[in-house]
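Q: pasting the sequence and the predicted model now:
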Amino acid sequence: MKWRLPIGSLVRTSLQVMVWQGIRLVCLAAWIVVAARGLGAQDYGIFSGIAGTASALAGLVGLGSGMLMYQYSASDASRFSPYWKQTWMLCAFTSLPLALLLFPAVLGSASISLTGISLIAASEILAFPYVTNAAFAFAAHERMGWAAALPAASALLRLIAIVAFSVLPIAHSLDHYLFLHLLASLGGAAFALLAVKRLLAPRPQRWQMQPGDLRHGAGHAASWTSTTAVTTFDKSLVLRAGGDTTAGLYAACYRIAAVAAMPLDAMVMSAMPRLFRANQDPERHRRLVLAMTAAAAAYTGIVAALLWWGAALLPHVLGPDFAAAVPDLRWMGLFVLGYSLRQIGCNVLVGRGFKLRKTLIEAMGLLAMALLSAWLIPRYGLTGAIWMVICAEIGMASAAWVTLWLSAGKAAPRVTAPR
């Protein structure tokens, strides 16, 4: 039987996404440098910890309606307008209660004013979810360039905010920066909503939630929240268990590896609409997953070699304070391997309709991170933190692929949009 891997169009789309993700990551990297110098270690640590908690809560905004819109619209474009209306309405209704939950979640854990917590809640929970859901809307139409451009635009605005904070003749307090951060977040949300209105032109709709939407959307919300928490909660764990210095060194290693994994993120993001559709064609689905896995394995080998031999350059790039991270950065190739396989495996589970299984896998990964951080970091410092995230990622990847193997041939639960 003759067949070819469906890699051509996937590569082209991935390159578009990679360009915008590259811009976003450059902005994020520049933000980290400017923020560390402008805020100082203590305020930077406080912001990172509380913003991580806020980001996890933000995953629940809209109750998964954005991912539900993504899934339905990717299969049937006529479903976009009513589900876009549902998405932004649910975001408006759920964001404020979730923002209020941030206060009891973080009060007493850090020295920050109520004003500061309010500004972080407004930025991360009230504003930024509109950027995420607008990106889902473009992705559902396979306009992946725009789907990646919207978060990049928000990152650029936040970079402008921290640069303005550093150069303006104002008091360099955390609250003053958070006000500028909020303005940048609101600007990013407004740009994202305007882009959807002008480019995707959703038709005016009367909002009417269909039976089953809330239940299926809640599954997507849990899935999205677990995915977000897996990539943000580790920083909080390291900060709590190892202190500011260890957290700073860990964050440097993690972000370098995240930059290295950027093309793999682009590939997975580009493939999601195809995964939803290919689920109806087992042979096409198998070829797509095989192509993604082969590409990830080959790329990870290159990244691992570059990290191993290039780690010695770290103190020359970031400064002598980061010299202690060189031995641990060399092992982050294993993180990239586990991360990429976890991303592919979990997204294939979502594409096949097994959201709950994917969410449970990531929830177990979070629990493993928490236990490993309490055991390894007090004993081994940065090395313990690095192996915490490596073991957690490889464990989640293994669980995802074993789950796929055990579910082979089983009928995935069908979720269809009612007409």
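A: Thanks, I have the structure now.

Q: quick one: average pLDDT of whatever helix or strand Ile162 lives in?
A: Per DSSP states H and E: Ile162 is located in helix 144-167. The predicted model assigns helix 144-167 a mean pLDDT of 93.

Q: and the next helix-or-strand element following it, what's buried?
A: Remark: after helix 144-167, the chain's next helix or strand is helix 174-195, criterion DSSP H and E. Neighbour-count burial for helix 174-195, counted by 16 or more other Cβ atoms under 10 Å, picks out 174, 177-189, 191-193, 195. For the C-beta atoms, the positions are set from N, CA and C on the backbone; glycine is no exception.

Q: ok, Ser166 to Leu334 distance?
A: Counting by Cβ to Cβ, to the nearest Å, the separation of Ser166 from Leu334 is 36 Å.

Q: now Glu142, what's its secondary structure?
A: Put simply, Glu142 is coil when judged by DSSP: H, G, I helix; E, B strand; the rest coil.

Q: quick check on Ala30: phi, psi?
A: For Ala30, the backbone dihedrals (degrees, to the nearest 10) come out as phi -70, psi -40.

Q: need the nearest residue in space to it, chain neighbours excluded.
A: Leaving aside its sequence neighbours, Ala30 sits nearest to Leu159 (Cβ to Cβ, 6 or more residues apart in numbering; 5.5 Å).

Q: tell me the confidence at the residue most central in space within the chain?
A: Nearest to the mean C-alpha position of the chain, by Cα atoms, centre = their mean, lies Thr228 at 5.1 Å. Looking at Thr228, its pLDDT stands at 81.

Q: likewise Phe80?
A: You'll see Phe80 listed with a pLDDT of 87.

Q: number of nearby residues for it?
A: A count of neighbours around Phe80, defined by other Cβ atoms under 10 Å, yields 23.

Q: right, and Val350 touches Lys358 too?
A: Yes: contact status for Val350 versus Lys358: in contact at 5.6 Å, counting by Cβ atoms under 8 Å.

Q: got the CA positions of the helix or strand hosting Leu341 in CSV?
A: Element membership of Leu341, judged by DSSP H and E, is helix 332-351. What follows is helix 332-351, C-alpha atoms only, in CSV (Å, rounded to 0.1, in the frame of the first residue of the first chain):
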residue,chain,number,x,y,z
MET,A,332,17.3,19.8,29.6
GLY,A,333,17.3,17.9,26.4
LEU,A,334,15.5,15.2,28.3
PHE,A,335,12.9,17.7,29.3
VAL,A,336,12.3,18.7,25.6
LEU,A,337,11.9,15.0,24.8
GLY,A,338,9.3,14.4,27.5
TYR,A,339,7.6,17.7,26.8
SER,A,340,7.2,17.1,23.1
LEU,A,341,5.9,13.5,23.5
ARG,A,342,3.5,14.7,26.2
GLN,A,343,2.2,17.5,24.0
ILE,A,344,1.6,15.1,21.0
GLY,A,345,0.1,12.3,23.1
CYS,A,346,-2.2,14.6,25.1
ASN,A,347,-3.4,16.5,22.1
VAL,A,348,-4.1,13.3,20.2
LEU,A,349,-6.2,12.3,23.2
VAL,A,350,-8.1,15.5,23.0
GLY,A,351,-8.6,15.1,19.2
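
Q: I appreciate the help and will end here.
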